[in-house]
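Chemist: the following block contains a protein sequence and its predicted model.
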Amino acid sequence: MKRIPELDGLRGTAICMVVAHHYIFYKYANILGPRWGWAGVDLFFVLSGFLITGILLKSEKNEEGLGHFYMRRVLRLFPIYYLCLAIYFIGNAMAHSPLPWQYLATYGLYLQAIFPHSWMGIDHTQVVYWSSPGFSVMWSLSIEEFFYLAWAPLVFLVKGKDRILFPLLGAILLVEPVIRFFAYSDHASELRQMFFARADSLAAGALIAVCMRSYGPQVFAFCKRSYTAMLSSACLLFLAAIGGDLLYGSLPNNVSGDLHERTYSALMYTVLWIAFSLILLLAITHSGSSRWLPKMLRNRGLRYMGKISYCLYLIHYPLRQLMIAHFGRAAGILLGLIASLLLASLSWKYFEGPIARWKEKRYAYKNEEGALLASK
């Protein structure tokens, strides 16, 4: 499979949504970000599920093996993650507020999406104001890490037996909303950040990768003739998700009861992964075409945002808090955005990029198709 530039644009779209969610919080601009930008994380999940599963499916017959796959993941994800963690821990220590061992254990071992904060005794209100947002965005990385740990060995174990992968992924997609419904509690925000409650978005992307391998020509043919219907459905589903979020947020407490909250928690993410899966399929099957969606996703600026998205995701929120504290809300938001883009660009050029290039030399896939997909 050749490199698909539209996927970089999708990653850029996801990070723009997340940044909008954290940077736009004026009352009359809510519809531009805070009410839906958080869904960018779900787009990241669907995209990651597809890319990682595609890599695994292409490399399962190669001699590199599972260790090779994990080494590439470590080199891509760990350096900037642990650098940010080190800065947060040092910053808190310098502010005479050293972090307790629970933080080191939870974030150092990527356990944020396995053990709720209430179980671990973690309270972000007790940490330095600018580092708290930095910790708060790391839950999604924990979900992806445990997806790698659980999914990769299984794909290698079944060795191309898609008849096993299809029902397994289908079961995850069906069971997850049920789990979210019955596991709902007073700690709803923690539930929504747990691996066991959010794996369906990753499974949706993985299912697309398996479908492309088993039924590639049929999928391409269907998507080619159904472009308008699929795009319209994706837009309607996304609008339904936004409308549901707006309606849910406006309901008084006596109306927004337990049943409403459970249903909202169960279905919201299902609606989103369906919408984003349709968009992903169109991006894959219409790559290089002149239709407006793939053309928009090939935009150089959007693709560049996708390139620097990992570091930008980690640093944009704490930098916003830091700048607002020193320069006020309006100037702080602008300066925080500029600083985030600048630092993420420098990180890619001088830190992440060189590591990624060394990774491609030292742990390259001998299978060219695997190497192209592995450029994530």
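Modeler: Sure thing, it's come through. Numbering: from 1, shown residues only.
Chemist: okay, CA-based contacts and neighbour counts for the rest of this
Modeler: Fine.
Chemist: and the residue nearest the centre of the protein?
Modeler: Phe44 (3.0 Å; CA atoms, centre = their mean).
Chemist: against Ile279, how distant is it?
Modeler: 12 Å (CA to CA, to the nearest Å).
Chemist: same check, this time on Ala20
Modeler: Distance, Ala20 to Ile279, by CA to CA: 20 Å.
Chemist: what mean pLDDT does stretch 130-142 have?
Modeler: Average pLDDT, stretch 130-142: 89.
Chemist: ok, stretch 190-202 next?
Modeler: For stretch 190-202, the per-residue pLDDT averages 86.
Chemist: what's that stretch in contact with?
Modeler: Defining contact as CA atoms under 8 Å, 6 or more residues apart in numbering, one finds that stretch 190-202 is touched by 42-43, 45-50, 112-117, 139-140, 142-143, 146-147, 172-173, 176-177, 179-180, 183-185, 265, 269-270, 273.
Chemist: point out the ones among the residues you listed that are inside strands.
Modeler: With DSSP state E as the criterion, strands contain none of the contacts of stretch 190-202.
Chemist: so among these, which ones count as buried?
Modeler: Burial of the contacts of stretch 190-202 was assessed by neighbour count (16 or more other CA atoms under 10 Å); the buried members are 42-43, 45-50, 112-117, 139-140, 142-143, 146-147, 172-173, 176-177, 179-180, 183-184, 265, 269-270, 273.
Chemist: which ones among those residues lie within helices?
Modeler: 42-43, 45-50, 117, 139-140, 142-143, 146-147, 172-173, 176-177, 179-180, 265, 269-270, 273 (DSSP state H).
Chemist: right, and Met138 touches Leu314 too?
Modeler: Yes. Taking CA atoms under 8 Å as the contact criterion, Met138 and Leu314 are neighbours in contact, 7.3 Å apart.
Chemist: of those two, who's got more company?
Modeler: Taking neighbours as other CA atoms under 10 Å, Met138 and Leu314 compare with Leu314 leading, 23 against 20.
Chemist: quick one: pLDDT of that one?
Modeler: In the predicted model, Leu314 carries a pLDDT score of 97.
Chemist: kindly report the same for Ala240.
Modeler: Confidence at Ala240, expressed as pLDDT, is 87.
Chemist: repeat for Glu63
Modeler: In the prediction, the pLDDT value recorded for Glu63 is 64.
Chemist: one more: His124?
Modeler: On pLDDT, His124 comes in at 60.
Chemist: check the burial of Phe135 by counting its neighbours.
Modeler: Using other CA under 10 Å, Phe135 has 21 neighbouring residues.
Chemist: actually Tyr317, not the one I wrote
Modeler: When counting by other CA under 10 Å, one arrives at 26 neighbours for Tyr317.
Chemist: does it touch Ser132 like I think?
Modeler: No. Proximity of Tyr317 to Ser132 does not meet the contact threshold set by CA under 8 Å, at 9.1 Å.
Chemist: separation between Arg357 and Trp348?
Modeler: Here the criterion is CA to CA. By it, Arg357 lies 11 Å from Trp348.
Chemist: meant to ask about Tyr23
Modeler: 22 Å.
Chemist: give me the below-cutoff pLDDT ranges for the stretch 51-200 of the chain.
Modeler: 60-63, 117-126, 184-189 (pLDDT under 70).
Chemist: which parts of it are helices?
Modeler: Counting by DSSP state H, counting those that start in this stretch, one finds helices in the stretch 51-200 of the chain at the ranges 65-94, 101-108, 117-120, 131-136, 139-158, 162-182, 188-191, 195-225.
Chemist: nearest to Ala344, out of those helices?
Modeler: Proximity to Ala344, assessed across the helices of the stretch 51-200 of the chain by CA to CA, is greatest for helix 65-94 (10.3 Å).
Chemist: can you tell me which helices and strands that closest one packs against?
Modeler: Secondary structure elements in contact with helix 65-94, counted by 3 or more CA pairs under 8 Å, 6 or more residues apart in numbering; DSSP states H and E, are helix 101-108, helix 131-136, helix 139-158, helix 309-327, helix 353-362.
Chemist: which residues touch the fourth one?
Modeler: With CA under 8 Å, 6+ apart as the contact definition, helix 309-327 has outside contacts at 11-12, 15, 18-19, 22-23, 80-81, 84, 129-134, 137-138, 330-333, 335-337, 339-341, 343-344, 347-348.
Chemist: now list the buried members of those.
Modeler: 11-12, 15, 18-19, 22-23, 80-81, 84, 130-134, 137-138, 332-333, 335-337, 339-341, 343-344, 347-348.
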